[in-house]
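1. Next input, structure requested:
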Amino acid sequence: MRGTATALGAAAAWSCGRMTGRARRASTMGLAALVGTQLGQTFITDWHSPLVLVTGVASAAVLFAVIETPGVSHFFGCTPLGPVAWTVVGVCSAGATLGAAAAPRLLFSRRAPFAV
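-> This is a model prediction of the structure:
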């Protein structure tokens, strides 16, 4: 479930990026959404752990810094993103994260049989 949600979040961000810009920008958006979705799913499962929260925030900050620092970004094959691209990444990551959290409940819930 988590892998499918992560792939869908990254694919959605990449698709939106490809429709609105260059391939490198779309790839950067897909990467950011992939990592964002994974971090979001980790937050949902272990939100009560201070270590998980600190590590997740630090990971997101490093990702942001790598993408937004021009020389470093180019070294890793990325391109800096603007506010619209970051918004798309955030929406795709959040949607995929929430989908991963809700899917097991929706797909595998036991339903009481209907009385006739």
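2. so what does whichever helix in the chain runs longest touch, helix or strand wise?
-> Within the chain, and with DSSP state H defining each element, the longest helix by residue count is helix 83-107. With contacts taken as 3 or more Cβ pairs under 8 Å, 6 or more residues apart in numbering; DSSP states H and E, helix 83-107 sits against helix 2-20, helix 23-45. (Glycine included, C-beta is placed from N, CA and C.)
3. ok, 10 Å please
-> Here helix 83-107 is seen to pack against helix 2-20, helix 23-45, helix 50-68 when contacts are counted using 3 or more Cβ pairs under 10 Å, 6 or more residues apart in numbering; DSSP states H and E.
4. And that helix, what's buried?
-> Across helix 83-107, burial judged by 16 or more other Cβ atoms under 10 Å covers 85-86, 88-89, 92-93, 95-97, 99-101.
5. now the residues you listed in JSON lines, with pLDDT?
-> Converted to JSON lines, the buried residues of helix 83-107 look like this (pLDDT from 0 to 100):
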{"residue": "Ala85", "pLDDT": "96"}
{"residue": "Trp86", "pLDDT": "96"}
{"residue": "Val88", "pLDDT": "96"}
{"residue": "Val89", "pLDDT": "97"}
{"residue": "Cys92", "pLDDT": "96"}
{"residue": "Ser93", "pLDDT": "96"}
{"residue": "Gly95", "pLDDT": "95"}
{"residue": "Ala96", "pLDDT": "94"}
{"residue": "Thr97", "pLDDT": "94"}
{"residue": "Gly99", "pLDDT": "90"}
{"residue": "Ala100", "pLDDT": "88"}
{"residue": "Ala101", "pLDDT": "88"}
